[in-house]
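In: Generate coordinates for the sequence data below:
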Amino acid sequence: MKELEDSLPSTFTTEASRALGVHPRDLYAWRDSGQIIELSRGVFRRADAPPASYPDMIAVAHRVPRAIVCCISAAAIHELTDEMPASVQIAVPKRSHTPVIAYPPVTVFRFDEAPFELGLTSFEAGPGEPVRIYDAARTVVDLMRFRKRLGEPIAHAALNRYLATPGARPALLLDYAEELGTFGPMRGALDIASAR
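Out: Here you go, the predicted structure:
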């Protein structure tokens with residue numbers, strides 16, 4: 001592995017290693033000897049890489065590059081909830097192929113194409129390893145959109161935490177809600193939250 005130390009990033013795919021001239025036989029020998037760790041099918045991490053805070057999210061990002069971390073998974077990253085979902089929740093465009101990932105567990109949400117990247121940002125899941133995620137305001141609006149599926153208490157708690165953060169922008173919540181077709185429920189929730 002020494003000859004590729006500088007070439008291989010902390011996390012890489014089988015395809016990326018092949019592009020660097022690594023034979024699959026060598027790749028699996030490295031895995032079996034513990035020099036690399038298989039995070040998911042076809043996604044590997046160097047054992048000597050700096051620890052990643054969110055290795056599951058890095059694995060999913062490599063498996064589905066267009067996916068965006070959303071809903072409760074995004075709320076946990078933004079510290080809008082204490083909930084830890086049993087699976088990585090990701091959004092993919094409605095017309096795209098639904099990813100099938102055995103590990104790590106994944107829950108897929110299919111979002112409309114036009115506003116798909118509305119509120120898109122990224123966070124560092126590992127040193128120098130950004131992963132696509134919706135910003136805090138978009139996350140709150142999505143939780144409100146899916147409150148029947150994910151739970152009203154989670155949506156309202158996330159809204160209250162968001163409003164308590166410095167730099168909270170209630171008007172942005174309403175802009176996103178209008179774009180995503182959930183203006184009424186968002187407006188009502190904001191009225192209740194501001195009346196407290």
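
In: and the helix-or-strand element of the chain with minimal mean pLDDT, what other elements does it pack with?
Out: Within the chain, confidence by mean pLDDT, DSSP states H and E is lowest for helix 183-195 among all helices and strands, at a mean of 85. Other helices and strands packing on helix 183-195, by 3 or more C-beta pairs under 8 Å, 6 or more residues apart in numbering; DSSP states H and E, are helix 136-145, helix 152-164, helix 170-179. In this view, the C-beta of every residue, glycine as well, is placed from N, C-alpha and C.

In: low-scoring stretches of this structure, by residue?
Out: Within the chain, the ranges that satisfy pLDDT under 70 run 1-6, 196.

In: ok, the residue most central in space within the chain - contacts?
Out: Most central in the chain under C-alpha atoms, centre = their mean is residue 69, positioned 2.2 Å from the mean C-alpha point. Residue 69 makes contacts with 57, 60, 77, 88, 89, 90, 91, 131, 132, 133, 134, as judged by C-beta atoms under 8 Å, 6 or more residues apart in numbering.

In: before we move on, what about residue 108?
Out: Going by C-beta under 8 Å, 6+ apart, residue 108 touches 90, 91, 92, 98, 99.

In: Same check on residue 91?
Out: 67, 68, 69, 70, 71, 108, 109, 110, 111, 116, 134, 142.

In: With secondary structure and distance to residue 164 added, can I get these in CSV?
Out: Shown next, in CSV, are those (DSSP: H, G, I helix; E, B strand; the rest coil; distance: C-beta to C-beta, whole Å):
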residue, secondary structure, distance to residue 164
67, coil, 29
68, strand, 25
69, strand, 22
70, coil, 22
71, helix, 20
108, strand, 31
109, strand, 26
110, strand, 31
111, strand, 27
116, coil, 29
134, strand, 19
142, helix, 19
